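>>> No letters, just coordinates:
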């Protein structure tokens, strides 16, 4: 990524920088596959809700995947058609469900029988019919961090395989529910694409079982989870969309007329974003050096929360390299972006880029220590 460093020097740090061209290239790759196979892609707005980002995504023709009522409202306010909005989440409040019903969203991804019963009740009060997809927990191991695995039996998400048929029977008596499809999401930052082949096999089995019970499925939603290369953002600025979509085309047995939906977040926006921060001090200890920057864990929490890796670069220095622990000003020992990071020789005032921060960066920021939110730019 080429940074406009001269422009950066006059800006208040920290701030998020989004590369419009990388985002457009990524969206082009996604929409090309979407057209090739007739698939439907919804952007997972939880990854990044910045209006600058959402505008590009809307213009590309993608839908939206929401996990809260405020995300539904955000999608509507940013011009997305309600009939392209899908709404998931294990704990939808009544007001959130009513918002979706009144807006006429495409589908609720339902995660339990109690939720289904409440949606039916609220839809009846509003004289509406709710389109729903049953989010099924397929018990597929995504081989990723335990905090972002969602498709195993021990996770809180989804309906167990053992109760799918009985819930389908109960739906038949719910006057305000239309069973539109089945939904899956097995985790995030998945780089072993063979996992998606396993998911396809499990979905094929589920479909056959439902057909045997005369349950008609109009759409299949396979969620998202496609990972990116955090270590080599310049060499691999785009996720492996080609192989990802091809796997579902090859291994998933869709019925005639069935729609296939995806919910991609990180894979679309992560590589276009960087958190730009300025070095406040270089502190030398007995055994190591600390590059203390003005961005903190409140601006980018992933390293503190998941021990997540982000490539770190000094984008203003050209001098020989040294090793630094890159840390922020927040009063927590976990406020560390990387240990023993090899950087060009670093001094006060240098600009540091934390790469691949376009997903789960700005959107997870907080005011901890009463710090201000970082601004964002997309030239």
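Looks like it arrived, so ask away. As the structure is a prediction and not an experimental result, all values here were calculated from the model.
>>> For this structure, name the helix or strand with the lowest mean pLDDT.
strand 159-160 (a mean of 90; mean pLDDT, DSSP states H and E).
>>> what's downstream of that one, the next helix or strand?
Using DSSP states H and E, the helix or strand that follows strand 159-160 in sequence is helix 164-171.
>>> Can you tell me what sits against that following helix?
113, 116, 132, 134, 136, 159, 177, 179, 206, 209-210, 213, 215 (CB atoms under 8 Å, 6 or more residues apart in numbering). Glycine gets a C-beta too; all of them are placed from N, C-alpha and C.
>>> Report the buried members of the residues you listed.
Neighbour counting with 16 or more other CB atoms under 10 Å marks 116, 132, 134, 136, 159, 177, 179, 206, 210, 215 as buried within the contacts of helix 164-171.
>>> from those residues, which is closest to residue 366?
Using CB to CB, residue 159 is the member of the buried ones among the contacts of helix 164-171 that lies nearest residue 366, at 32.3 Å.
>>> Isn't that closest one up against residue 139?
No: shown here, residue 159 and residue 139 do not form a contact pair, counting by CB atoms under 8 Å, at 11.5 Å.
>>> Just the contacts of helix 164-171: which are in strands?
132, 134, 136, 159, 177, 179 (DSSP state E).
>>> Quick check: nearest residue in space to residue 16, chain neighbours excluded?
In this structure, residue 16 finds its nearest non-sequential neighbour in residue 376, 4.0 Å apart by CB to CB, 6 or more residues apart in numbering.
>>> For that neighbour, give me its contacts.
Residue 376 sits in contact with 15, 16, 17, 18, 50, 52, 362, where contact means CB under 8 Å, 6+ apart.
>>> Likewise for residue 34?
Contacts of residue 34 by CB under 8 Å, 6+ apart are 40, 41, 61.
>>> and which of the residues you listed is nearest to residue 219?
Comparing those against residue 219 with CB to CB picks out residue 40 as the nearest, at 8.1 Å.
>>> give me the number of residues near residue 38?
Counted with other CB atoms under 10 Å, the neighbours of residue 38 add up to 9.
>>> okay, and for the stretch 101-250 of the chain, where does confidence drop off?
In the predicted model, the stretch 101-250 of the chain carries pLDDT under 70 at residues 141-157.
>>> That one: helices as residue ranges?
Per DSSP state H, counting those that start in this stretch, the stretch 101-250 of the chain has helices spanning 113-125, 164-171, 194-212, 241-251. These are given in chain order.
>>> Helix 164-171 and the first one, what's the angle between them?
I take that to be helix 113-125. Orientation check (axes from the mean of the first three to the mean of the last three CA atoms, to 10 degrees): helix 113-125 against helix 164-171 gives 20 degrees.
>>> residue contacts, the closest residue to residue 74 other than its chain neighbours?
Among residues not flanking residue 74 along the chain, residue 49 sits closest, at 5.6 Å (CB to CB, 6+ apart). Residue 49 makes contact with 71, 74, 363 under the criterion CB under 8 Å, 6+ apart.
>>> Highest neighbour count among those?
residue 71 (22 neighbours).
>>> which residue sits closest to that one, ignoring its sequence neighbours?
In space, residue 71 is closest to residue 45, 5.0 Å off (CB to CB, 6+ apart).
>>> and what of residue 55?
In space, residue 55 is closest to residue 78, 7.0 Å off (CB to CB, 6+ apart).
>>> Farthest pair within the ones in strands among the contacts of helix 164-171?
The widest separation within the ones in strands among the contacts of helix 164-171 (CB to CB) is 16.3 Å, between 136 and 177.
>>> and residue 264, how many neighbours?
Applying other CB under 10 Å, we find 23 residues neighbouring residue 264.
>>> what is it paired to in the beta sheet?
On the basis of DSSP bridges, residue 264 takes part in beta bridges with residue 43.
>>> What distance do you get for it to residue 359?
10 Å (CB to CB, to the nearest Å).
>>> One more: residue 101?
Distance check for residue 101 against residue 359: by CB to CB, it reads 29 Å.
>>> Name the residue in these two with the higher neighbour count.
Comparing residue 101 with residue 359 by other CB under 10 Å, the one with more neighbours is residue 359, at 26 against 21.
>>> Just list the residues touching the more buried one, thanks.
Listed by CB under 8 Å, 6+ apart, the contact partners of residue 359 are 47, 48, 228, 265, 266, 268, 269, 270, 273.
>>> quick one: the third one and residue 266 touch, right?
Yes: Residue 228 is within contact range of residue 266, at 6.2 Å (criterion: CB under 8 Å).
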